[in-house]
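[1] predicted structure and sequence below. I'll ask about it afterward.
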Amino acid sequence: MKLTPEPAHTELTDLTSPEAAERLAKTCDVAAAIAGRRRHKAQHAHYKNCAATLHALSAERGALISARDMLGEWWARDKARADAAGAERDALKAELAEAKMHVSEMITAFEEHVALPDKNCSCHISPPCSDCTENDYARETLSEARAFLDRHQKGQTDD
């Protein structure tokens, strides 16, 4: 079937004649065929666009899945690091508790075995005075040990 209408060789004067009806039917068939072809082309173009969109979405989905898997790996690695850091922190806390216990024991032993006289500094008269040269180091060490314990007792309650 031809898709273009044939040119009319003769002019129809009687539109109710069978010849006019036949020409009109042929023209309608040709017009319907042309419209069908155009519709088919439009549908084909639409399906091509849909296929391209699906292909692009499939590629994006693959990229998202890959990114999700990478995030899972990063999370597992970071969790392992955090767990290791937590274990290390717990070990350091245990060492600190042991050190505090030893310092406390040392302070107690020091206070029991060494009797420090009250401070009687006369450096303003003739430096260094005998009190500073004989007892200052022991007093300073004892003071620093007590300050260490005080600092860490406060830090222990903050944890």
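    Thanks, I have the structure now.
[2] CA atoms for contacts and neighbours, from now on please.
    Fine.
[3] quick one: pLDDT of residue 67?
    pLDDT recorded at residue 67 is 91.
[4] cool, and residue 157?
    In this prediction, residue 157 carries a pLDDT score of 48.
[5] I'd like the numbering to begin with 747 instead of 1 from here.
    Got it, the first residue is 747 from now on, which makes the last one we talked about residue 903.
[6] could you point out which element follows the longest helix along the chain?
    Identified as the longest helix of the chain according to DSSP state H is helix 764-859. As assigned by DSSP states H and E, the chain's next helix or strand after helix 764-859 is helix 876-904.
[7] quick check: angle from that next one to helix 764-859?
    150 degrees (axes from the mean of the first three to the mean of the last three C-alpha atoms, to 10 degrees).
[8] show me the shaky parts of this protein.
    For the chain, the stretches with pLDDT under 70 are 747-761, 870, 901-905.
[9] residue closest to the middle of it?
    residue 817 (7.4 Å; C-alpha atoms, centre = their mean).
[10] any idea how far it is from residue 797?
    For residue 817, the distance to residue 797 equals 30 Å [C-alpha to C-alpha, to the nearest Å].
[11] same check, this time on residue 767
    According to C-alpha to C-alpha, residue 767 stands 44 Å off from residue 797.
[12] residue 843 too?
    Residue 843 sits 68 Å away from residue 797, going by C-alpha to C-alpha.
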